[in-house]
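Undergrad: Give me a model of this one.
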Amino acid sequence: MGHRIIFATGNEGKMREIRALLGDLGLPVLSMKEAGVDLDIVEDGTTFGENAEIKAKAVWKVTGDIVLADDSGLAVDYIGGEPGIYSARYMGEDTSYEIKNRNIIDRLKDAGGRSRSARFVCNIAAVLPDGRVLHTEETMEGMIAEEPAGSGGFGYDPILFLPEYGLTSAEITMEEKNKISHRGKALRAMKAALEKVLKREMERTQDENINCQ
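TA: Here you go, the predicted model:
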């Protein structure tokens, strides 16, 4: 079949998670850079799903491969779901996550208990070689920590406290994170969907070969 999976990101943190979860599909899993794709994609959707599809379609138009893209972010209930789809651009793209995380904690200084509820959201879009589009969306529920903690992960991981672990998302192991993370769950759901697609394609190819004999 000769397919490749290209994940429309240049973020190495994401690629580590992605390769760990999709590596056994039997197809090469490449970042945009590894696939030789250099695009400036304008994410002007109004939902995580729209933005994920915009990115995936942009790369698919160039490569024709199986292209996956995610749009993910932190949604904090106390501040109306912010930063939401603007998580990467919150306070400006050049602002460090150390500053972004501190800003969110400061905005919740008067919030206590359940009012600190928050979640990571991840929507993954896959564009297949024939142009069909698949979506999966999952969340990882938690609370905004009183202080950042942990050096694992990236982005907002140090401030999402996970009550079931008593740790932030930046303090748990990669193995633990892949089991419960928004991206891990969305990737597993997408992996299952892709396995079905690839299985049907293989069966169709076998049928065609039999008919040609």
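
Undergrad: need the strands for the protein, in chain order.
TA: Remark: strands assigned in the chain by DSSP state E are 5-7, 29-31, 66-76, 82-83, 117-127, 133-144, 160-162, 167-168.

Undergrad: Which among the ones you listed is found nearest to G49?
TA: For the strands of the chain, distance to G49 was read as CB to CB. The smallest value, 4.5 Å, belongs to strand 117-127. Where C-beta positions appear, they are placed from N, C-alpha and C, glycine not excepted.

Undergrad: What is the closest one packed up against?
TA: Strand 117-127 is packed against helix 48-63, strand 66-76, strand 133-144, strand 160-162, helix 182-212, with contacts defined by 3 or more CB pairs under 8 Å, 6 or more residues apart in numbering; DSSP states H and E.

Undergrad: Measure how far that strand is from the centre of its chain, please.
TA: Its chain's C-alpha centre and that of strand 117-127 lie 6 Å apart, by CA atoms, centre = their mean, to the nearest Å.

Undergrad: Now it: average pLDDT?
TA: What strand 117-127 shows for mean pLDDT is 98.

Undergrad: With stretch 103-113 instead?
TA: pLDDT averaged over stretch 103-113 gives 96.

Undergrad: Which positions within it qualify as buried?
TA: 104-105, 108, 111 (16 or more other CB atoms under 10 Å).

Undergrad: now do stretch 135-149
TA: Buried-residue list, stretch 135-149, by 16+ other CB under 10 Å: 135-138, 140, 142-145, 148.

Undergrad: Can you tell me which of the helices and strands packed on strand 117-127 is most buried?
TA: The highest average neighbour count among those, using mean count of other CB atoms under 10 Å, belongs to strand 66-76 at a mean of 25.

Undergrad: give the contact list for the closest residue to P148 other than its chain neighbours.
TA: Distances taken as CB to CB, 6 or more residues apart in numbering put P158 closest to P148, at 3.8 Å, once the chain neighbours are dropped. The contact partners of P158, by CB atoms under 8 Å, 6 or more residues apart in numbering, come to 97, 101, 145, 148-151, 168-170.

Undergrad: returning to what we had before: need the strands of the chain in TSV (columns: distance to T205).
TA: Below are the strands of the chain laid out as TSV (distance: least, CB to CB, whole Å):
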stretch	distance to T205
strand 5-7	18
strand 29-31	22
strand 66-76	16
strand 82-83	45
strand 117-127	20
strand 133-144	20
strand 160-162	44
strand 167-168	47
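
Undergrad: for those strands, which one sits closest to M202?
TA: M202 lies closest to strand 66-76 among these, at 14.2 Å (CB to CB).
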